[in-house]
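Undergrad: build me a model from this:
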Amino acid sequence: MPKQEKGKSHSIRPVSRRPPSWCKYQPEEVESFIIKLAKEGHSLSSIGTILRDQYAIPLAKPIVGKSISDVLEGAGLAPSLPEDLSNLMKKAQSLASTWIKTRRTCITSAACKSSKHISTSFQDTISVKVFCQRTGSTKLKSPP
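TA: This is a model prediction of the structure:
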């Protein structure tokens, strides 16, 4: 791990697991905010960001007692794929389509070779995440 030498201007999570005293929202209100934002089409991370920035709710879990994904599962609005996996799949798909479009114009170009390598790398990462999700493991084990 590299040593942080330059600065400390970054956000940190609240230390306390209790809801802050200045946050006046009830758990039912926060759940309704989460469900409303999910119905509008926001992702889990953007729901957390909106709650933090617009409603002054630092974390939903201490207030509600459940995470945002658990609240959405209870309401039947949970996404079918985890957010990181869906983002990886979108990025790999856009890379692959770009590579297919420019394949004829730059067959020997180093940029095309690197984009193909990056696309293959994304596909490998996706397969590892899918394998870990199916087995319920967070660590990669050799497939059977």
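
Undergrad: now the helices: where do they sit in this structure?
TA: Secondary structure of the chain, counting by DSSP state H: helices at 27-39, 44-54, 60-64, 68-75, 83-102, 110-135.

Undergrad: right, and these - which one's nearest V15?
TA: Of all the helices of the chain, it is helix 60-64 that lies closest to V15, at 11.1 Å by Cβ to Cβ. In this view, the C-beta of every residue, glycine as well, is placed from N, C-alpha and C.

Undergrad: so which elements touch that closest one?
TA: With contacts taken as 3 or more Cβ pairs under 8 Å, 6 or more residues apart in numbering; DSSP states H and E, helix 60-64 sits against helix 27-39, helix 68-75.

Undergrad: could those helices go into TSV alongside mean pLDDT and distance to S94?
TA: Below are the helices and strands packed on helix 60-64 laid out as TSV (pLDDT from 0 to 100; distance: least, Cβ to Cβ, whole Å):
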stretch	mean pLDDT	distance to S94
helix 27-39	96	25
helix 68-75	94	25
